[in-house]
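Chemist: my questions are about this predicted structure, shown below with the sequence.
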Amino acid sequence: MSSNPLPAPPSNLTDHLIIASPVLNSSIFEKACIYISDYDKKAGYEGFILNHKTDQYVKDVYNKLSGKPLGELPVYFGGPVENDSLHFLIMQYTDADSITCESHVNVARANYALDEPNTIVLPCLGYSAWTVGQLENEFEHHTWFFDKPTSNLTKRKLNRGLWKKLLSEISPYHHLIANAPTNPLSN
């Protein structure tokens, strides 16, 4: 009988969510829910933090979109890589209750996607990236949990509360972690 309640992550995490462990409570990844959008055998993984909204809107970052629907979307902090540039992530859910994703799309594609059903357009400043083997190593150290996103993700508020909701739904063990105080000694 294994004493480790955590299942091993899949061999390829593309199109999965990774959810920050509480050990990341003083980093930019604190309570982060990251959609892993891309994998390259030579470069590693890329993803976008879904629940760290900034106080900016697209029109604040890209003033050519002021007065247009795309300009009114809130901007999220996608991660520390290229965090001075705007990246668009498009997530759509299908009839099969799965999510497809397009990352690093241009403004024209993002604007077009606003009118597509069952779609979220997520403008992000920066993105997150891991070199080959880095994310797998972080999983070995229990830095992240993983889950396969369902269509429910596109119906949820993408805010800091998402971390607790997604983590709680993985298993009873994860529910306990999600509801534990940040600092148990101050409890």
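Modeler: Structure's in. What do you need? What you are looking at is a predicted structure, and each value in this text was computed from that prediction instead of being measured. Numbers count the residues shown, from 1 in each chain.
Chemist: all helices for this protein, in order.
Modeler: Here the chain has its helices, by DSSP state H, at 58-61, 107-113, 134-140, 161-170, 172-179.
Chemist: out of the ones you listed, which comes closest to residue 147?
Modeler: Closest approach to residue 147 among these (C-beta to C-beta): helix 161-170, 5.6 Å. Glycine gets a C-beta too; all of them are placed from N, C-alpha and C.
Chemist: next, the buried residues of that closest one.
Modeler: Across helix 161-170, burial judged by 16 or more other C-beta atoms under 10 Å covers 162, 163, 164, 166, 167, 170.
Chemist: contact partners for residue 169?
Modeler: Shown in contact with residue 169 (C-beta atoms under 8 Å, 6 or more residues apart in numbering): 147, 175.
Chemist: gap between it and residue 16?
Modeler: As judged by C-beta to C-beta, to the nearest Å, residue 169 and residue 16 stand 14 Å apart.
Chemist: swap in residue 170?
Modeler: Computed as C-beta to C-beta, the residue 170 to residue 16 distance reads 12 Å.
Chemist: low-scoring stretches of the protein, by residue?
Modeler: Low-confidence segments of the chain (pLDDT under 70): 1-6, 95-96, 154-155, 183-187.
Chemist: now the strands for it?
Modeler: With DSSP state E as the criterion, the chain has strands at 17-20, 33-40, 44-49, 53-57, 74-77, 81-93, 99-105, 119-130, 144-147.
Chemist: the third one relative to strand 81-93, how many degrees between them?
Modeler: I take that to be strand 44-49. 80 degrees (axes from the mean of the first three to the mean of the last three C-alpha atoms, to 10 degrees).
Chemist: helices or strands next to strand 44-49 in the packing?
Modeler: Counting contacts by 3 or more C-beta pairs under 8 Å, 6 or more residues apart in numbering; DSSP states H and E, strand 44-49 is packed against strand 33-40, strand 74-77, strand 81-93, strand 119-130, helix 134-140.
Chemist: and what of the last one?
Modeler: Counting contacts by 3+ C-beta pairs under 8 Å, 6+ apart, strand 144-147 is packed against strand 17-20, helix 134-140, helix 161-170.
Chemist: returning to that earlier point: shared neighbours, residue 170 and residue 16?
Modeler: Residues touching both residue 170 and residue 16 by C-beta under 8 Å, 6+ apart: residue 147.
Chemist: thinking again about what came up before, possible to save the helices of the chain as a markdown table with distance to residue 128?
Modeler: Output for the helices of the chain, formatted as a markdown table (distance: least, C-beta to C-beta, whole Å):
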| stretch | distance to residue 128 |
| --- | --- |
| helix 58-61 | 18 |
| helix 107-113 | 19 |
| helix 134-140 | 10 |
| helix 161-170 | 15 |
| helix 172-179 | 21 |
